[in-house]
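*Asks:* curious how this folds, go ahead:
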Amino acid sequence: SNRHCFNDGYHTSHHLNPRRHWRDHPASFLAQKSRYSSEDALVFTNIDYLFITFKLMARDYDHLADCLVPIGDQIGMSKHEVANMLRSKTVRFSEEDIGRLWHGKEKSKVDRTMKIRTAAKTRDLRSTLLYFWEG
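*Replies:* Next up, the predicted model:
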């Protein structure tokens, strides 16, 4: 879908530099591949973000594991290990986690949005992935 949708699959690249032109995302990814690797980024092939969402909702971690492009510590992992790793990244937030992340339910959506934007502005891949899974 990247060919038809302005490289929307380069989600993290966009958050690292929101002003980057969509045509420059692939080259930027290749130039920063070691950073993606060292910060445990998830890279997928042959699946777009809608199907990633559907597979997550269906808890089809085996299919997602088939689509993962292993980088860094992921290289050499079995399909089962990759599926378990993906499963561990999508655990449900506890009430305590929600309270810690958003300081309680009484906060408005504006406060939550500001927290997400602040995390994305740090240009830290872990924060960006947290945004992706929480958002």
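*Asks:* contacts, neighbours, all on C-alpha from now
*Replies:* Fine.
*Asks:* can you show me the strands along the chain?
*Replies:* When secondary structure is read from DSSP state E, the chain shows no strands.
*Asks:* measure the residue nearest to residue 86 when sequence neighbours are not counted to residue 38 for me?
*Replies:* By the measure of Cα to Cα, 6 or more residues apart in numbering, the closest residue to residue 86 outside its immediate chain neighbours is residue 61, 6.7 Å from it. Relative to residue 38, residue 61 is positioned 23 Å away (Cα to Cα, to the nearest Å).
*Asks:* residue ranges in this structure under the pLDDT threshold?
*Replies:* Counting by pLDDT under 70, the chain shows low-confidence ranges at 1-9, 103-135.
*Asks:* all the helices of it, in order from the start?
*Replies:* Assigned by DSSP state H, the chain shows helices spanning 11-16, 25-31, 33-38, 49-57, 61-67, 79-88, 95-102, 109-121, 125-134.
*Asks:* nearest spatial neighbour of residue 46, skipping sequence neighbours?
*Replies:* Counting by Cα to Cα, 6+ apart, residue 67 is the residue found nearest to residue 46 once chain neighbours are left out, at 6.3 Å.
*Asks:* an error on my part: the question was meant for residue 26.
*Replies:* Beyond its immediate neighbours in the sequence, the residue positioned closest to residue 26 (Cα to Cα, 6+ apart) is residue 10, lying 7.5 Å away.
*Asks:* just checking, the one you found touches residue 25?
*Replies:* Yes - using Cα atoms under 8 Å, residue 10 is in contact with residue 25, at 6.3 Å.
*Asks:* who's more crowded, residue 61 and residue 38?
*Replies:* Neighbours were counted for residue 61 and for residue 38 using other Cα atoms under 10 Å; residue 61 has more, 21 against 12.
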